[in-house]
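Asker: need a structure here:
(chains A, B and C)
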Amino acid sequence: MTFIYAMEIFGVAVFAVSGALAAGRKSLDWLGVSVIAVVTALGGGTLRDLLLDNRPFFWIREPMSLYVILISTVATLIYVRYRKPPNNAILVADAFGLGLFTISGAQIAEHTVHSGIVIVLMGAITGAAGGMIRDVLLAEIPLVLRRSSLYATASIAGVIVYLLGVAIGWNHSVCALLGMAVIVLLRLASIYWGWTLPVFHLPHPDDDSQD
Amino acid sequence: MTFIYAMEIFGVAVFAVSGALAAGRKSLDWLGVSVIAVVTALGGGTLRDLLLDNRPFFWIREPMSLYVILISTVATLIYVRYRKPPNNAILVADAFGLGLFTISGAQIAEHTVHSGIVIVLMGAITGAAGGMIRDVLLAEIPLVLRRSSLYATASIAGVIVYLLGVAIGWNHSVCALLGMAVIVLLRLASIYWGWTLPVFHLPHPDDDSQD
Amino acid sequence: MTFIYAMEIFGVAVFAVSGALAAGRKSLDWLGVSVIAVVTALGGGTLRDLLLDNRPFFWIREPMSLYVILISTVATLIYVRYRKPPNNAILVADAFGLGLFTISGAQIAEHTVHSGIVIVLMGAITGAAGGMIRDVLLAEIPLVLRRSSLYATASIAGVIVYLLGVAIGWNHSVCALLGMAVIVLLRLASIYWGWTLPVFHLPHPDDDSQD
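Answerer: Coordinates of the predicted model:
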């Protein structure tokens, strides 16, 4: 029951709430909302552990996460009956969840792999893949792939800063905090100022049929 | 070649037929229909074994299932050319498949995990995840997440009854039969009387853009 | 750094380019395009290794593939700014990639499994599943499941020819080349002459509600 553990539980709860709210735009039933909350909160870490073959998964070893998600989902369902969701607070909390999940995911990957590009990928997957699976289940193109504020891009930047700091020889905990700060600030700045990545349009999208 | 084994094969065949019929509403070609039938029949058990790290998967160890699915699919393709599908019979058979897969999935999970919530989840995944993956491949929000008759909810109720019976000290086989009966009856009753779970609507769905 | 290895890298690059071009029809941002390119190029082999429990995955052991994909994606993004994509050349290159991935996937499966139907399935998954996952992320019914030129069907035919050759006692390398030739020729012939598999329509699609 350390600080790290408390932070993980916070991240799981935040992602469950944002998953439940996303589900609320699609008229799912209560079971559907719970499934989406579970997938959003656990999907990223589970995909990372699946790819790295880290067994058993954290939520099978430690089912506390599942209860936290259920409670968060029920609390969300009740809260929005009476008040509208505090969207700005949720965006800020979600940014902290993203930073936390990404850097802890990169650190877990470091135990198994040594290639920088794989560690960056695993950090980004831990932070962003849960939301991708959520969007796939909601039959939408995942938001992180489309023109929108920076999300997975913030993850990637944060892991690169973390790895550069470690390579220079700085203290690991300092680098982890620095990486998280980069993710949270880049994420919030991109929402506030509307930063996006360029979109890739095929200039001749209809030429396929003419070839 | 026991009774259990025959029941498993029955479940695989039933899920393959219901998968093939769902695919028939989307104008897939014969290969597409076969892929959907395989995914519907094997997806739930495979996801369970993937999450629990039970290797090798049952259909790799025992490829009979794959032949059963192919034969069921071809039989479906031929049958519906001449007669309309016996939808009520299929719904009843599917309910038995759901009960069977769910309880056998929960029992397999019991070998590896001890947490009740994880066993319930694994039972429900074994019964309902194949249909979810089918719907994702058909680019639809999975039916089990939406307002419709009880499906995964029936699974969950059946596993809870099974686990309660075992906790009280009843005979495992009796509890398994009882759990299956709960699932089949709840599923069929919910179809017959139109029982559904409440839907979760965000009361202020458009407020996001105004915040 | 053998011929085989060079061919694998060629296959990865080709699939990354075709993934990036598919993404270009959906207005994704640069990160989204890169994710789709990675998934298209690595998805099939990763799913095969996941199902067969071959660890660690090839792209974690040998991250060269990830750099090849990134370079291919960036080259595609730059190229299509100035010229329209050489679609016919890409279709031919993709057919070679399909043949290569399918037969190498079947050969990898042969190390672990002995059932012919499972080897055929693993070859087809290696060749075609990356494109399926790409289409799922783009919220479309996968092209390989719909009426279109032969793709997974060509894979399946090629693996069957390969396995028949091996069963007769021919040299493994000869059979592999023969299998690849079948796949490439069947794929290109089906594009050129418009060969398709029959579509499965439910004759009474609306009867569900009337039952």
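
Asker: what's the distance between A:Val120 and C:Pro56?
Answerer: Applying Cβ to Cβ, to the nearest Å, the value for A:Val120 to C:Pro56 is 17 Å. (Each C-beta comes from the backbone N, C-alpha and C, glycine too.)

Asker: okay, these two: which has more neighbours?
Answerer: Taking other Cβ atoms under 10 Å in any protein chain shown, A:Val120 and C:Pro56 do not tie; A:Val120 has more neighbours (22 against 15).

Asker: skip the chain neighbours and tell me the closest residue to the more buried one.
Answerer: Nearest residue to A:Val120, sequence neighbours excluded (Cβ to Cβ, 6 or more residues apart in numbering or on different chains): A:Val159, at 4.7 Å.

Asker: give me the neighbour count for the one you found.
Answerer: The burial metric for A:Val159, expressed as a neighbour count using other Cβ under 10 Å, is 28.

Asker: what of the one 5 residues further on?
Answerer: A:Leu164 has 14 neighbouring residues, counting by other Cβ under 10 Å.

Asker: same check on the one 5 residues further on?
Answerer: Under the neighbour criterion other Cβ under 10 Å, A:Gly169 is assigned a count of 7.

Asker: all helices for chain A, in order.
Answerer: Remark: helices assigned in chain A by DSSP state H are A:3-24, A:30-52, A:58-61, A:64-82, A:87-112, A:116-137, A:152-168, A:172-193.

Asker: so which bits of stretch A:122-140 are buried?
Answerer: Using 16 or more other Cβ atoms under 10 Å in any protein chain shown as the test for burial, stretch A:122-140 gives A:122-139.

Asker: quick one: contacts for the residue nearest to A:Val120?
Answerer: Applying Cβ atoms under 8 Å, 6 or more residues apart in numbering or on different chains, we find A:Val159 in contact with A:102-103, A:106, A:119-120, A:123-124, A:179.

Asker: redo that, cut-off 6 Å
Answerer: A:106, A:120, A:123 (Cβ atoms under 6 Å, 6 or more residues apart in numbering or on different chains).

Asker: can I get the residues you listed in CSV with distance to C:Ile71 and pLDDT?
Answerer: Converted to CSV, the contacts of A:Val159 look like this (distance: Cβ to Cβ, whole Å; pLDDT from 0 to 100):
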residue, distance to C:Ile71, pLDDT
A:Ala106, 23, 96
A:Val120, 16, 97
A:Gly123, 21, 97
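
Asker: tabulate those residues (JSON lines), appending distance to A:Trp193.
Answerer: As requested, these are exported to JSON lines (distance: Cβ to Cβ, whole Å):
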{"residue": "A:Ala106", "distance to A:Trp193": "26"}
{"residue": "A:Val120", "distance to A:Trp193": "24"}
{"residue": "A:Gly123", "distance to A:Trp193": "24"}
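
Asker: so where is chain A shaky, pLDDT-wise?
Answerer: Within chain A, the set of residues satisfying pLDDT under 70 comprises A:1, A:203-211.

Asker: closest point of chain A to chain B, which residue?
Answerer: Sorted by distance to chain B under Cβ to the nearest Cβ, the residues of chain A start with A:Gly32, at 3.1 Å.

Asker: and the residue nearest to that residue when sequence neighbours are not counted, how many neighbours?
Answerer: Using Cβ to Cβ, 6+ apart and skipping residues adjacent in sequence, the residue nearest A:Gly32 is B:Leu145, 3.1 Å away. Residues lying near B:Leu145 (other Cβ under 10 Å) number 25.

Asker: do you know which of the helices of chain A lies nearest B:Thr196?
Answerer: Nearest to B:Thr196, of all the helices of chain A, is helix A:30-52, at 10.0 Å by Cβ to Cβ.

Asker: for that closest one, packing partners?
Answerer: Applying 3 or more Cβ pairs under 6 Å, 6 or more residues apart in numbering or on different chains; DSSP states H and E, we find helix A:30-52 packed against helix A:3-24, helix A:64-82, helix A:116-137.

Asker: tell me the most buried of those?
Answerer: Of the helices and strands packed on helix A:30-52, the one with the most neighbours on average (mean count of other Cβ atoms under 10 Å in any protein chain shown) is helix A:116-137, at a mean of 25.

Asker: need the residues of chain A near chain C, please.
Answerer: Selection of chain A residues close to chain C by Cβ under 6 Å from any Cβ of the partner chain yields A:53, A:113, A:115, A:117-118, A:139-141, A:145-147, A:152-153, A:197-200, A:202, A:204-205, A:207, A:211.

Asker: number of nearby residues for A:Leu50?
Answerer: The number of residues packed around A:Leu50, counting by other Cβ under 10 Å, is 17.

Asker: distance check, it against A:Ala129.
Answerer: Remark: distance between A:Leu50 and A:Ala129 (Cβ to Cβ) = 10 Å.

Asker: over to A:Ile9?
Answerer: With the distance defined as Cβ to Cβ, A:Ile9 ends up 19 Å from A:Ala129.

Asker: flag every residue of chain A that's near chain B.
Answerer: Residues of chain A lying near chain B by Cβ under 6 Å from any Cβ: A:24-25, A:27-33, A:35, A:55, A:60, A:63, A:66, A:77, A:84, A:87-88, A:138-139.

Asker: residues touching whatever residue of chain A ends up closest to chain C, list them.
Answerer: Distances between chain A and chain C by Cβ to the nearest Cβ are smallest at A:Leu145, namely 3.1 Å. For A:Leu145, the contacting residues are C:28, C:32, C:35, taking Cβ under 6 Å, 6+ apart as the criterion.

Asker: buried subset of those residues?
Answerer: Under a neighbour-count criterion of 16+ other Cβ under 10 Å, the subset of the contacts of A:Leu145 counted as buried comprises C:28, C:32, C:35.

Asker: chain neighbours aside, what residue packs nearest to the last one?
Answerer: Closest residue in space to C:Val35, ignoring its immediate chain neighbours: A:Leu145 at 5.8 Å, by Cβ to Cβ, 6+ apart.

Asker: quick one: that neighbour from C:Thr76, how far?
Answerer: According to Cβ to Cβ, A:Leu145 stands 16 Å off from C:Thr76.

Asker: do A:Tyr192 as well
Answerer: Taking Cβ to Cβ, one finds A:Tyr192 at 32 Å from C:Thr76.

Asker: A:Arg83 now?
Answerer: Applying Cβ to Cβ to A:Arg83 and C:Thr76 gives a distance of 48 Å.

Asker: and if you look at A:Met7?
Answerer: Relative to C:Thr76, and taking Cβ to Cβ, A:Met7 is found at 40 Å.

Asker: likewise A:Met122?
Answerer: With the distance defined as Cβ to Cβ, A:Met122 ends up 25 Å from C:Thr76.

Asker: and A:Ile119, by the same measure?
Answerer: Using Cβ to Cβ, one obtains 25 Å as the distance from A:Ile119 to C:Thr76.

Asker: same deal with A:Ala154?
Answerer: The spacing between A:Ala154 and C:Thr76, counted by Cβ to Cβ, is 24 Å.

Asker: what do you get for A:Gly179?
Answerer: Separation of A:Gly179 from C:Thr76 (Cβ to Cβ) stands at 30 Å.

Asker: A:Ile36: what's it in contact with?
Answerer: A:19, A:23, A:134.

Asker: could you find the closest non-adjacent residue to it?
Answerer: A:Ala23 (4.0 Å).

Asker: that neighbour contacts A:Val33, correct?
Answerer: Yes - A contact is recorded between A:Ala23 and A:Val33 when judged using Cβ atoms under 6 Å, the distance being 4.5 Å.

Asker: coming back round to it: same list, the helices and strands packed on helix A:30-52, but as JSON lines with distance to B:Leu163 please.
Answerer: Output for the helices and strands packed on helix A:30-52, formatted as JSON lines (distance: least, Cβ to Cβ, whole Å):
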{"stretch": "helix A:3-24", "distance to B:Leu163": "24"}
{"stretch": "helix A:64-82", "distance to B:Leu163": "15"}
{"stretch": "helix A:116-137", "distance to B:Leu163": "27"}
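
Asker: contact partners for A:Ile103?
Answerer: For A:Ile103, the residues meeting the contact criterion (Cβ under 6 Å, 6+ apart) are A:176, A:179-180.

Asker: with neighbour count added, can I get these in JSON lines?
Answerer: Rendered in JSON lines, the data for the contacts of A:Ile103 read as follows (neighbours: other Cβ atoms under 10 Å in any protein chain shown):
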{"residue": "A:Ala176", "neighbour count": "20"}
{"residue": "A:Gly179", "neighbour count": "27"}
{"residue": "A:Met180", "neighbour count": "23"}
